[in-house]
Each structure stands twice: as C-alpha cells, then as structure tokens.
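*Asks:* could you look at this predicted model? Sequence included:
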Amino acid sequence: MKNITVISGISLILLLFSFTEVNVRDNKIRTIVIDAGHGGKDSGTSGSFSKEKDITLSIAMELGKTIEKYIDDVNIIYTRDDDSFPSLNERANLANDKNADLFISIHCNSAPYSTTVHGTETYVMGLNKSETNLEVAKRENSVILMEDDYKENYDGYDPNSPESMILFSLYQNAYLENSLKLAQSIENQFKTRVGRKSRGVKQAPFVVLWKTSMPSILVETGFLTNKNEEKYLNDELGKTYIAHGIFRAVRDYKLEVESQN
C-alpha cells in the first residue's frame with residue numbers, strides 16, 4: 001500500500017474487493033495475541049498516582065495466565081511482558097506473523113473534560129461514529145509519533161484524511177462480525193458478572209486494529225481520570241476481575257465459533 005491522496009470510484013471498488021479476500025479459517029481458536037497497551041517511554045494516560053502502561057501489563061499477564069490455566073488448546077503470545085515499547089506496527093505484525101486467531105489489546109481510558117465519567121468500553125475497527133470515539137482513537141494512535149520512520153511504517157497514514165479512514169474500515173471489514181461478537185461478550189461480562197458500568201461496544205479507527213489480519217478488539221478497562229476507577233484498576237482484585245471477565249468472554253466466543261465447524 002502506497003501513500004494515498006485520492007481514491008477514485010474504480011480504485012475504491014478494487015480496494016473493496018481486495019480487502020474482502022481473506023484467508024479461509026477453520027473456526028479454530030488456537031493462538032491469541034494479548035497486547036498490553038503502551039509501555040517503555042510511552043506511559044499512556046495517567047491518573048493521580050498511576051500510569052496506564054503498568055495497569056495494562058498487569059491485566060494482560062493475568063488474562064494470559066488464566067486462559068492458559070483453563071483452556072488447554074490455546075497458545076498465548078504477548079506483545080510485551082515487561083516495560084518495553086513495541087511499536088503499533090510491531091504489535092500487529094507479531095499477530096499476523098504468528099497467524100493469530102484473536103488479537104486483544106488492553107488499555108485504560110481518559111476523560112480530561114470530566115472526573116466523573118466512568119465505565120468500560122470495547123472497540124472494534126471502524127469509521128468513527130461519534131466525536132468522542134474519534135478522540136479516544138486519536139489519543140491511542142498518537143503513540144506513533146514516538147516511533148522512528150512512522151510515516152513509512154504506516155503507509156502515509158493521516159488521522160485527518162477521509163481516505164485513510166476509508167482504508168481503515170475496509171481492512172478489518174472481513175473480520176467485523178466476529179470482532180463484534182467478542183466485543184459484545186466482553187461488555188456483557190463486565191456488566192453482568194464483574195459489576196462494572198458498561199459504556200458499550202464502539203467503533204473507531206485504531207491503528208493497532210487496522211494492521212491486524214484477524215478478529216481484533218481493544219478494551220478500555222476504565223478511566224484513570226476518575227479517582228474511584230483509578231483505585232479499582234490499581235487494586236489486585238480489581239485487575240483480576242477485569243482479566244477474568246475478558247477470559248470468560250473469550251471462552252464463550254471460542255465455544256460459539258468452534259461449534260460452527
């Protein structure tokens with residue numbers, strides 16, 4: 001894919017066709033890549049006493065450990081298991097290179113305009129449906145500015161370009177149905193089993209989801225700008241509840257998908 005400035009009607013049709021040509025999968029969930037958002041020089045968002053990168057790593061490791069304990073036939077791969085800084089490109093490429101069947105990215109949210117906003121959100125790739133969704137995506141995508149050669153690595157991606165947004169949507173469109181299934185299952189678990197406020201399943205143009213070639217979701221586990229949620233997300237039991245909620249959703253999703261064989 002080269003830098004894109006104009007997409008003609010014919011080019012768009014060709015793109016639609018090419019992006020819907022995906023590898024045929026056999027409905028088996030064998031490999032799951034778990035992505036702890038941010039890391040290293042990229043702290044992510046911050047609360048009054050904690051950093052996103054530390055919370056996401058704890059939740060990601062607990063999630064992987066739980067899946068490995070209770071689901072025998074799944075291989076877990078982490079994009080990071082320490083305070084390192086893999087680029088968004090490297091995270092997605094790892095999932096693609098390992099032929100992952102699921103990609104789960106863990107994050108914490110921020111609402112600079114309010115200290116009372118709270119709850120979980122799970123995102124799938126898509127054109128932004130609201131200004132708030134777009135702002136979340138812009139914040140998470142801004143990490144690419146910390147990377148060397150980011151313009152070359154992201155195919156000339158411009159967050160303000162309508163053409164970039166169209167390409168984003170097309171690339172994950174083939175996996176949207178399954179991504180939505182998993183995302184909805186996660187939010188249901190958060191609401192009914194974990195006791196969290198669910199803000200629902202949303203769509204936004206996240207770079208890390210755009211680059212992956214499998215069903216992919218990004219979980220915003222809570223708002224560090226809310227002092228109660230920051231406390232919850234730094235509590236070991238709170239992080240365990242979040243991880244186990246995602247685990248149960250993955251387990252149920254796996255059973256549903258594999259029953260279609």
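*Replies:* That came through fine.
*Asks:* any idea which element Arg199 lies in?
*Replies:* strand 198-204 (DSSP states H and E).
*Asks:* pLDDT weak spots in the stretch 51-200 of the chain?
*Replies:* 127-172 (pLDDT under 70).
*Asks:* now do the strands in it.
*Replies:* Along the stretch 51-200 of the chain, the stretches classed as strands by DSSP state E, counting those that start in this stretch are 75-78, 102-109, 120-125, 198-204.
*Asks:* need those strands in CSV (columns: mean neighbour count and distance to Leu57).
*Replies:* For glycine as for every other residue, the C-beta is placed from the backbone atoms N, C-alpha and C. Shown next, in CSV, are the strands of the stretch 51-200 of the chain (neighbours: other C-beta atoms under 10 Å; distance: least, C-beta to C-beta, whole Å):
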stretch, mean neighbour count, distance to Leu57
strand 75-78, 17, 9
strand 102-109, 27, 8
strand 120-125, 26, 18
strand 198-204, 20, 23
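*Asks:* out of those, which comes closest to Thr45?
*Replies:* strand 102-109 (5.9 Å; C-beta to C-beta).
*Asks:* re the thing from before, who does the strand holding Arg199 pair up with?
*Replies:* strand 120-125 (parallel) (DSSP bridges).
*Asks:* and the angle from the strand it pairs with to strand 102-109?
*Replies:* 130 degrees (axes from the mean of the first three to the mean of the last three C-alpha atoms, to 10 degrees).
*Asks:* how far off centre is strand 120-125?
*Replies:* 7 Å (C-alpha atoms, centre = their mean, to the nearest Å).
*Asks:* got the contact list for that strand?
*Replies:* 109, 133, 136-137, 168-169, 171-172, 176, 179-180, 183-184, 186-187, 190, 196-206, 209-210, 216-222 (C-beta atoms under 8 Å, 6 or more residues apart in numbering).
*Asks:* can I get the CA coordinates of stretch 90-108 in CSV?
*Replies:* In CSV, the C-alpha atoms belonging to stretch 90-108 read as follows (Å, rounded to 0.1, in the frame of the first residue of the first chain):
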residue,chain,number,x,y,z
GLU,A,90,5.3,-4.4,15.6
ARG,A,91,2.4,-5.4,17.7
ALA,A,92,0.2,-6.0,14.7
ASN,A,93,2.9,-7.7,12.7
LEU,A,94,3.6,-10.1,15.6
ALA,A,95,-0.1,-11.2,15.5
ASN,A,96,0.0,-11.6,11.7
ASP,A,97,3.3,-13.5,11.7
LYS,A,98,2.0,-15.9,14.3
ASN,A,99,-1.2,-16.4,12.4
ALA,A,100,-3.2,-15.5,15.5
ASP,A,101,-6.9,-16.2,15.6
LEU,A,102,-7.6,-13.3,18.0
PHE,A,103,-6.0,-10.0,18.9
ILE,A,104,-6.9,-8.4,22.3
SER,A,105,-5.4,-5.0,23.1
ILE,A,106,-5.8,-3.8,26.8
HIS,A,107,-6.0,-0.1,27.6
CYS,A,108,-7.1,2.5,30.2
